[in-house]
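**Q** pasting the structure only:
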């Protein structure tokens, strides 16, 4: 049947990409470059979170950023103003990045010059979750206005992340149907190991815990003790 | 729990989705079923908007709803409770619906029995914009917390819509960097013909203008005066 054949094509692409992502991860380990893949819906606050994270860490580590977006240069410009080196990756309408596209971005950035590189993935909860980019850690931003039901609707995203930042917590009084305990339980139902932080990138609330986690992960990576993240295709 | 079914759809076997979408549109015209494709980011308020729209129109027109989601049945159950017939479409991890998947959903719903069918597309601003579903009108929901820069970052979505509802306007005082004039100008820079409404699905603010537009469109469709929407592939 025609549709079966199409599904096979999709699978074989996944197999290649998974292997390619492992190759990229090994290369980054050799270089000592810790790559973090940051994912979220459009407008959840990736760039603002990144700017505050850069401001906190830029005296400790050398940070590079890859901004993946369909169009526009607003994010890369904002990051560059925050003081990190940034490249803008234009995906030409693609809804995700795979390992090879990530490799091209790292080449343009000059990844060996950085201790920490953050990939700001395309704003999308579906496709980016399916493709292993080769990152050592996958972090997802879920903003309060999106609602606490997102782990029910986008299971793969939550399964493939090692940390979730629940952002825009300064608006919890406005979005009073968002239940922090409930969202945490729903995330852990998908992924019991996932670290969960409640933050506001606007006010800085909750950032200490997130930065401590990130520093610990970087330390583990540097000592070679870090295990590669498990990637679920579905 | 209300009355709804769950169907599993498979990816299209048709190579030319645009042609297939035109065929589906012609079929819907023959049946007198006005199909609206509703798109947005995750958590922008599609289901709440739909529930309020159903409540306003259910005594005038027969309404059916197709809920496309990766997982979960929360939306179809909510719609069924609001009083419209709903089917839940499981896309098996796909990030969009094409015309043939839409046709499968319409078949399960029994589209000829309805004056208005709304397809709640997968929460995603990228892939759903690329695939013509065969709908007669494409409507996008942009929520205030996402920010007023979205027309810069997701141009195809804004090009392919005939109306944009800027939702969650009740939170404008919290998200005070969101500029309504600016977002309108940015939408019109992508698509000068696009109708723009500022609404709150939670409070009902701005719904009269949106409902009036929808009634006018349905009237045009019924009299056969409606032109098919232009679809841009990129």
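**A** Sure, I can see it. The shown structure was predicted, so the numbers you read here are calculated from the model rather than taken from an experiment.

**Q** Quick check: next helix or strand after the helix or strand of chain A at the bottom of the mean pLDDT ranking?
**A** When the helices and strands of chain A are compared on mean pLDDT, DSSP states H and E, helix A:2-31 comes out lowest with a mean of 65. Remark: after helix A:2-31, the chain's next helix or strand is strand A:34-40, criterion DSSP states H and E.

**Q** and that following strand, what does it pack onto?
**A** When contacts are defined as 3 or more Cβ pairs under 8 Å, 6 or more residues apart in numbering or on different chains; DSSP states H and E, strand A:34-40 sits against helix A:2-31, helix A:46-57, helix A:99-109, strand A:116-120, helix A:127-130, strand A:137-143, helix A:207-222. Bear in mind the C-beta positions are built from the backbone N, C-alpha and C, glycine included.

**Q** want to throw these into a markdown table with distance to chain B and mean neighbour count?
**A** Converted to a markdown table, those look like this (distance: least, Cβ to the nearest Cβ, whole Å; neighbours: other Cβ atoms under 10 Å in any protein chain shown):
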| stretch | distance to chain B | mean neighbour count |
| --- | --- | --- |
| helix A:2-31 | 4 | 14 |
| helix A:46-57 | 10 | 21 |
| helix A:99-109 | 14 | 19 |
| strand A:116-120 | 12 | 27 |
| helix A:127-130 | 5 | 26 |
| strand A:137-143 | 7 | 27 |
| helix A:207-222 | 19 | 16 |
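
**Q** Out of these, which gets nearest to residue A:65?
**A** Ranking the helices and strands packed on strand A:34-40 by proximity to residue A:65 (Cβ to Cβ) places strand A:116-120 first, at 5.1 Å.

**Q** can I get the helices and strands packed on strand A:34-40 in JSON lines with distance to residue B:174?
**A** Below are the helices and strands packed on strand A:34-40 laid out as JSON lines (distance: least, Cβ to Cβ, whole Å):
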{"stretch": "helix A:2-31", "distance to residue B:174": "39"}
{"stretch": "helix A:46-57", "distance to residue B:174": "15"}
{"stretch": "helix A:99-109", "distance to residue B:174": "34"}
{"stretch": "strand A:116-120", "distance to residue B:174": "24"}
{"stretch": "helix A:127-130", "distance to residue B:174": "28"}
{"stretch": "strand A:137-143", "distance to residue B:174": "12"}
{"stretch": "helix A:207-222", "distance to residue B:174": "20"}
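
**Q** mind listing what the residue positioned nearest the centre of chain A touches?
**A** What sits nearest the mean C-alpha location of chain A, by Cα atoms, centre = their mean, is residue A:38, with 1.6 Å. Residues near residue A:38 by Cβ atoms under 8 Å, 6 or more residues apart in numbering or on different chains: A:46, A:49-50, A:118-121, A:139-141.

**Q** Equivalent analysis for residue A:60, please.
**A** By Cβ under 8 Å, 6+ apart, the contact set of residue A:60 is residue A:215.

**Q** likewise the one 5 residues further on?
**A** Contact partners of residue A:65, counting by Cβ under 8 Å, 6+ apart, are A:50, A:54, A:76, A:79, A:84-87, A:117-120.

**Q** Output those residues as JSON lines; include the columns pLDDT.
**A** Shown next, in JSON lines, are the contacts of residue A:65 (pLDDT from 0 to 100):
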{"residue": "A:50", "pLDDT": "93"}
{"residue": "A:54", "pLDDT": "94"}
{"residue": "A:76", "pLDDT": "74"}
{"residue": "A:79", "pLDDT": "81"}
{"residue": "A:84", "pLDDT": "86"}
{"residue": "A:85", "pLDDT": "87"}
{"residue": "A:86", "pLDDT": "85"}
{"residue": "A:87", "pLDDT": "84"}
{"residue": "A:117", "pLDDT": "96"}
{"residue": "A:118", "pLDDT": "95"}
{"residue": "A:119", "pLDDT": "94"}
{"residue": "A:120", "pLDDT": "91"}
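
**Q** Residue B:99: which of the residues you listed is nearest?
**A** Once Cβ to Cβ is applied, the member of the contacts of residue A:65 that ends up nearest residue B:99 is residue A:120, at 32.6 Å.

**Q** was I right about that closest one contacting residue A:46?
**A** Yes - counting by Cβ atoms under 8 Å, residue A:120 touches residue A:46, with 5.1 Å between them.

**Q** so where's chain A uncertain?
**A** Residues of chain A that meet the criterion pLDDT under 70 lie in A:1-15, A:69-75, A:92-93.

**Q** Residue A:65 - that's part of a helix, no?
**A** No - secondary structure assignment places residue A:65 outside any helix; it is strand (DSSP: H, G, I helix; E, B strand; the rest coil).

**Q** and the nearest residue to it once chain neighbours are set aside, backbone torsions?
**A** Leaving aside its sequence neighbours, residue A:65 sits nearest to residue A:86 (Cβ to Cβ, 6 or more residues apart in numbering or on different chains; 4.3 Å). The phi and psi torsions at residue A:86 (degrees, to the nearest 10) take the values phi -130, psi 150.

**Q** Next up, the contacts around residue A:86.
**A** Residue A:86 touches A:64-67, A:75-76, A:79-80, A:109, counting by Cβ under 8 Å, 6+ apart.

**Q** separation between it and residue A:40?
**A** 18 Å (Cβ to Cβ, to the nearest Å).

**Q** Check residue A:134 too.
**A** 19 Å.

**Q** Is the closest residue to residue A:162 other than its chain neighbours bridged to anything, and to what?
**A** Nearest residue to residue A:162, sequence neighbours excluded (Cβ to Cβ, 6+ apart): residue A:137, at 5.0 Å. Beta-bridge pairing for residue A:137 (DSSP bridges): residue A:36.

**Q** looking at it, residue A:137 is touching residue A:164, isn't it?
**A** No - Residue A:137 lies out of contact with residue A:164 (Cβ under 8 Å); the separation is 11.9 Å.

**Q** May I see the contacts of residue A:65 organised as JSON lines, with distance to residue A:24 added?
**A** Below are these laid out as JSON lines (distance: Cβ to Cβ, whole Å):
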{"residue": "A:50", "distance to residue A:24": "21"}
{"residue": "A:54", "distance to residue A:24": "23"}
{"residue": "A:76", "distance to residue A:24": "22"}
{"residue": "A:79", "distance to residue A:24": "22"}
{"residue": "A:84", "distance to residue A:24": "21"}
{"residue": "A:85", "distance to residue A:24": "19"}
{"residue": "A:86", "distance to residue A:24": "20"}
{"residue": "A:87", "distance to residue A:24": "16"}
{"residue": "A:117", "distance to residue A:24": "12"}
{"residue": "A:118", "distance to residue A:24": "15"}
{"residue": "A:119", "distance to residue A:24": "11"}
{"residue": "A:120", "distance to residue A:24": "17"}
